[in-house]
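Student: give me the fold of what follows.
(one chain, ligands or ions: 1)
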Amino acid sequence: MTYPRIGSFKSALDFQTHLDQSHIELSFDPVVETGPNAPLAQPYRMPNGFVLGNRFCVLPMEGWDGTEDGRPSEFTFRRWRHFGLSGAKLIWGGEATAVRPDGRANPNQLVISARTMGDLAALREGLIAEHPDKTDDLLIGLQLTHSGRFARPRNKKPLEPMILYHHPLYDRKFGLSADYPVMTDDDILRLVEDYGAAARLAQRAGFAFVDVKHCHGYLGHEFLSAVDRPGRFGGSFENRTRFLREVVSCIRAKAPGLAMGVRLSVFDFAPFRAGADGVGKVEPFEGKRYRYAFGGDGTGVGIDLTEPCAFLDVMVSLDIRLFCASAGNPYVNPHVTRPAFFPPSDGYLPPEDPLAGVARQIGAASELKRHCPEMLIVGSGYSYLQEWLPNVAQHVVRTGKADFVGLGRAILSYPEMCRDVLAGRPLQRKRICRTFSDCTTAPRNGLPSGCYPLDDYYKKRPEAEELKAVKRKRS
Ligand SMILES: Cc1cc2nc3c(=O)[nH]c(=O)nc-3n(C[C@H](O)[C@H](O)[C@H](O)COP(=O)(O)O)c2cc1C
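Tutor: Numbers count the residues shown, from 1 in each chain. This next block holds a predicted model:
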């Protein structure tokens with residue numbers, strides 16, 4: 001099955017016809033407005049009175065390019081400067097930053113500690129310096145993470161997972177034996193303290209909020225599917241959300257006044273793998289219901305947002321008003337998180353038109369916004385829209401389906417995209433992300449992430465040749 005390229009839709013009618021014929025429910029505005037009344041240029045007022053200057057958000061994008069001791073490198077500084085250059089007024093987390101060394105997803109992930117705090121402050125300052133206009137309406141957070149099952153903290157070593165329960169499919173896929181140790185409740189309580197300490201440092205580094213990350217299969221997310229775990233952190237919804245409540249109360253005690261947000265995979269699917277034809281197929285699972293997808297409906301490929309809505313209620317009860325919706329787990333079902341035309345090297349050919357994946361994320365975020373209108377909600381997964389991104393983004397914001405449009409991969413190739421949209425300049429088509437997935441294939445093969453196909457800085461680096469060799473070998 002092949003799908004038409006986005007660039008082939010030359011008019012709104014072409015695009016609409018394709019959506020209709022493919023039964024994809026995705027609305028867009030045929031004309032993108034500019035000027036102070038344009039929907040994407042509208043300010044957003046937070047309950048505490050802080051006003052954000054427009055409706056674009058830069059999503060967290062890590063680069064697998066920090067130093068071995070958890071500091072940013074020149075690659076990292078450049079990426080954050082580009083986040084600023086975008087002109088977006090919400091910076092959701094910058095990138096995943098481990099609260100302690102064993103929580104790194106790769107040996108080049110940032111780590112927050114007393115030693116690295118100054119470097120993280122410099123990242124933030126570099127971003128602000130590059131921002132094209134006033135910055136008193138710019139909100140910058142830091143994403144705090146522990147990678148849990150997907151921790152790989154040491155160079156040239158395999159995964160060093162810290163797990164909350166034995167997941168039958170993940171254990172098999174990532175080679176964990178039945179007696180592999182599970183984190184104890186005491187281990188968890190120690191980690192809660194580390195989140196508190198990390199948040200205090202983030203506050204001292206000048207960040208306005210921290211994101212207590214609950215997405216993409218990492219530890220925060222794993223709590224939510226720990227239905228089989230006995231004790232205080234598993235089983236009931238109340239117990240599975242205890243980690244969030246504990247972390248929030250620890251952060252409140254250690255970093256008074258610091259705002260918090262949560263990035264959540266609002267739904268998940270069962271793992272996928274390439275079938276004989278290379279196309280992604282859901283892995284068979286035992287029993288009638290797939291029980292380990294938070295926000296899933298039990299089929300492994302469907303959505304039930306009852307628990308994610310209840311999660312938002314918990315956030316409101318904790319007085320947290322910042323929420324970023326993502327989906328899935330890029331290690332096992334990357335098409336859910338990052339709809340793409342070309343799969344990453346550890347992925348599979350798209351099992352659906354990637355536009356269906358975009359529509360699924362927009363639909364879920366909109367259901368959550370309906371459930372909880374007082375929450376500032378950021379949506380994700382828009383980059384695949386390419387030329388039609390501004391039209392869909394405007395429609396979403398104008399109709400209140402989300403408050404902010406989050407951009408990830410699109411920012412890597414073309415950081416000024418948001419500014420061009422707001423100023424009414426035509427998009428620079430050669431710089432639009434075409435979802436080649438090299439930004440994922442590179443790190444999966446030990447290289448720093450970046451837009452190798454479109455960004456001259458990466459195109460000209462020696463790593464670009466290495467990446468080509470890796471891809472040749474696989475094809
Ligand atoms: C290279 C790369 C790095 C990413 N790093 C992070 C990260 O540090 N934290 C996070 O929550 N999501 C991360 N993501 C996911 C993105 O924030 C985003 O959800 C995803 O790319 C879909 O949005 P898009 O279509 O705009 O790219 C990353 C994605 C990519 C491709």
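
Student: any idea how far Thr145 is from Leu219?
Tutor: Going from Thr145 to Leu219 by C-beta to C-beta, to the nearest Å gives 8 Å. Heads up, the C-betas are built off the backbone N, CA and C, glycines and all.

Student: the more surrounded of those two?
Tutor: Thr145 (34 against 25; other C-beta atoms under 10 Å).

Student: just to check, that one is in contact with Lys213?
Tutor: Yes. If you go by C-beta atoms under 8 Å, Thr145 and Lys213 touch, sitting 4.5 Å apart.

Student: thinking again about what came up before, so what sits against both of Thr145 and Leu219?
Tutor: Taking C-beta atoms under 8 Å, 6 or more residues apart in numbering as the contact rule, Thr145 and Leu219 both touch Gly103.

Student: for the ligand, what are the nearby residues on the stretch 201-350 of the chain?
Tutor: Residues of the stretch 201-350 of the chain found near the ligand (C-beta under 6 Å from any ligand atom) are 215-216, 263, 326, 337-338.

Student: list the buried residues for the longest helix along the chain?
Tutor: Looking across the chain with DSSP state H, the single longest helix is helix 185-204. Residues of helix 185-204 classed as buried: 188, 191-192, 194-203 (neighbour count, 16 or more other C-beta atoms under 10 Å).

Student: got it, and stretch 242-254?
Tutor: Neighbour counts over stretch 242-254 (16+ other C-beta under 10 Å) mark 242-244, 246-248, 250-252, 254 as buried.

Student: which residues does it contact?
Tutor: Residues outside stretch 242-254 that contact it (C-beta under 8 Å, 6+ apart) are 188-189, 192-193, 195-197, 199-200, 210, 212, 214, 220, 223, 232-233, 258, 260, 262, 314-315, 318, 320.

Student: what about it, distance to the chain center?
Tutor: 22 Å (C-alpha atoms, centre = their mean, to the nearest Å).

Student: try stretch 111-120
Tutor: In terms of C-alpha atoms, centre = their mean, the centre of stretch 111-120 is found 22 Å from the chain centre.

Student: let me know whether it sits next to the ligand.
Tutor: No. Using C-beta under 6 Å from any ligand atom, stretch 111-120 stays clear of the ligand, coming no nearer than 13.2 Å.

Student: hmm, Glu62 is touching Leu110, no?
Tutor: Yes. Assessed by C-beta under 8 Å, Glu62 is found in contact with Leu110 at 7.5 Å.

Student: quick one: which of these two has more around it?
Tutor: Set Glu62 next to Leu110 and count neighbours by other C-beta under 10 Å: Leu110 wins out with 27 against 22.

Student: and the more buried one, what does it touch?
Tutor: Applying C-beta under 8 Å, 6+ apart to Leu110 gives the contacts 62, 66, 70-72, 76, 95-98, 116, 120.

Student: what's around whichever residue of the stretch 251-400 of the chain sits closest to the ligand, how many residues?
Tutor: Residue nearest to the ligand within the stretch 251-400 of the chain (C-beta to the nearest ligand atom): Ser383, separated by 3.3 Å. Close neighbours of Ser383, defined as other C-beta under 10 Å, add up to 27.

Student: hang on, the earlier thing: tell me how far the longest helix of the chain lies from the chain's centre.
Tutor: The answer for helix 185-204 is 21 Å, by C-alpha atoms, centre = their mean.

Student: and stretch 88-97, by the same measure?
Tutor: Using C-alpha atoms, centre = their mean, the offset of stretch 88-97 from its chain centre is 10 Å.

Student: and that stretch, how far apart are its ends?
Tutor: Using C-alpha to C-alpha, to the nearest Å, the end-to-end distance of stretch 88-97 comes to 21 Å.

Student: would you mind confirming that Arg360 is in contact with Ala325?
Tutor: No. At 11.0 Å, Arg360 does not count as touching Ala325 under the criterion of C-beta under 8 Å.

Student: before we move on, the earlier item: got a list of what the residue of the stretch 251-400 of the chain closest to the ligand touches?
Tutor: 338, 389, 407-410, 433, 435.

Student: mind checking which of those residues are in helices?
Tutor: Of the contacts of Ser383, the ones assigned to helices by DSSP H are 389, 409-410.

Student: keep those residues, but drop any that are not near the ligand.
Tutor: 409-410.

Student: got any ranges where the stretch 51-200 of the chain has weak pLDDT?
Tutor: The stretch 51-200 of the chain contains no residues with pLDDT under 70.

Student: now the strands for it?
Tutor: Secondary structure of the stretch 51-200 of the chain by DSSP state E, counting those that start in this stretch: the strands cover 51-52, 56-58, 90-91, 96-98, 110-111, 139-145.

Student: and of the ones you listed, who's closest to Asp456?
Tutor: Checking those against Asp456 by C-beta to C-beta gives strand 56-58 as the closest, at 20.8 Å.

Student: pairing partners for the closest one, with directions?
Tutor: Looking at strand 56-58 with DSSP bridges, its partner strands are strand 90-91 (parallel), strand 404-407 (parallel).

Student: just checking, what packs against the helix or strand that contains Val210?
Tutor: Here Val210, judged by DSSP states H and E, is contained in strand 209-212. Counting contacts by 3 or more C-beta pairs under 8 Å, 6 or more residues apart in numbering; DSSP states H and E, strand 209-212 packs against strand 139-145, helix 185-204, helix 242-254, strand 259-265, strand 322-326.

Student: just the strands in the stretch 351-475 of the chain please.
Tutor: Under DSSP E, counting those that start in this stretch, the stretch 351-475 of the chain gives strands at 376-379, 404-407.
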